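Engineer: This is a predicted model, with the sequence first.
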Amino acid sequence: MNPTFGQPSARQKDVTATRAIPGHLRDDSPSFPIGEPMEMPRRTALGAAALAGAAIALPRTPASAQPDALIFPASPVSKAARELLDTAVGPAVRNHSIRGFLFARAVAGAHGLRPGADYDEEVMYLICALHDISLGDMANGRQRFEMDSADFAAEFLERNGVTDSRVETVWDAIAGHTSGFSDSPVYRRRRPAEIWIAVEGIGIDIGGGPTDLPPGYADLVHAAYPRLGGTRALTTIMEDQVLADPRKAFPSSLATEIVRQRHPEVSYPTWDEIIDSSGWKD
């Protein structure tokens, strides 16, 4: 997706959009894309404040049941996902994705949910393993990172013989994992449990702590999969991707909000500019 907007207001700095390769910027400050009609499907039009809050949303009840330690699904597609994770992203992203799964399984246990009976553990693993796959070069495209990851994950599953509703579940979970959708009780009632379980596990690794998990479990997981910079390392990757290619700066997305906060000198679209770019002339 390539969101575009109207001309910046006089209050904003007039700078030119940068098309630098990843990790490098031109001397002139980048701006977000302007001057073309905007495309914003309803399912991805989210408020910046709500999104930023959802990105660090945590379960209120600490996990209380000790899950199976460091055991992963052993199906062919799960093994293929792990091999992909080991090669397509850096160690910090890989470890975050694996910790997200292990923490999610602890969350499920705390809720009394049983793998195979109450949720599909393999699908939950695939969600966690692939949710940030676009933070590596292989899957980094021109959309917001959540969408790039979701699209790549769906295509990966299809190439590995998964073509049923599991693809839709994985796509939905990854595309919306920073949206806060899975906090809704109606969403949880109507969508597969593995979605919200995975998102809670990922959320614990982003902004939680040891008290959200069984005693000693965080130490066990981190001994095998250290943080390597943790959330700050992931944040820097998202930031660099948007600065290198402003087309990834979807309005109110998590990565866009990060850049807005860290780079006030960068021109970004306002809501009034979005309205001004409309053909309705409201």
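Structural biologist: Great, that's in hand. Everything numeric here is computed off the predicted structure, so don't read it as measured data. Numbering: from 1, shown residues only.

Engineer: Helices along the stretch 1-150 of the chain, start to end?
Structural biologist: Secondary structure of the stretch 1-150 of the chain, counting by DSSP state H, counting those that start in this stretch: helices at 48-55, 76-88, 91-110, 121-130, 145-159.

Engineer: Quick check: nearest residue in space to residue 229, chain neighbours excluded?
Structural biologist: Taking C-beta to C-beta, 6 or more residues apart in numbering, and ignoring the residues beside it in sequence, residue 229 has residue 92 as its nearest neighbour in space, at 5.3 Å. Backbone N, C-alpha and C define where each C-beta goes, glycine included.

Engineer: roughly how far apart are that neighbour and residue 100?
Structural biologist: For residue 92, the distance to residue 100 under the criterion C-beta to C-beta, to the nearest Å works out to 13 Å.

Engineer: and the two? which has more neighbours close in?
Structural biologist: For residue 92 and residue 100, the more surrounded residue by other C-beta atoms under 10 Å is residue 100, and the numbers stand at 27 against 21.

Engineer: circling back: I figured the residue nearest to residue 229 was touching residue 235, is that so?
Structural biologist: No: using C-beta atoms under 8 Å, residue 92 and residue 235 do not qualify as a contacting pair, with a distance of 10.5 Å.

Engineer: any idea how far residue 150 is from residue 134?
Structural biologist: Using C-beta to C-beta, which is the criterion applied here, residue 134 is 9 Å from residue 150.

Engineer: actually residue 178, not the one I typed
Structural biologist: 11 Å.

Engineer: Check residue 244 too.
Structural biologist: Using C-beta to C-beta, we find residue 244 at a distance of 21 Å from residue 150.

Engineer: So for those two, which residue has more residues nearby?
Structural biologist: For the pair residue 244 and residue 150, the greater number of neighbours falls to residue 150 (26 against 19), based on other C-beta under 10 Å.

Engineer: OK, contacts around the more buried one?
Structural biologist: Contacts here follow C-beta atoms under 8 Å, 6 or more residues apart in numbering; on that basis residue 150 touches 170-172, 174-175.

Engineer: what about the residue nearest to residue 245 when sequence neighbours are not counted, neighbour count?
Structural biologist: Closest residue to residue 245 in three dimensions, ignoring its sequence neighbours and counting by C-beta to C-beta, 6+ apart: residue 142, at 6.6 Å. Burial of residue 142 is recorded as 11 neighbouring residues (other C-beta under 10 Å).
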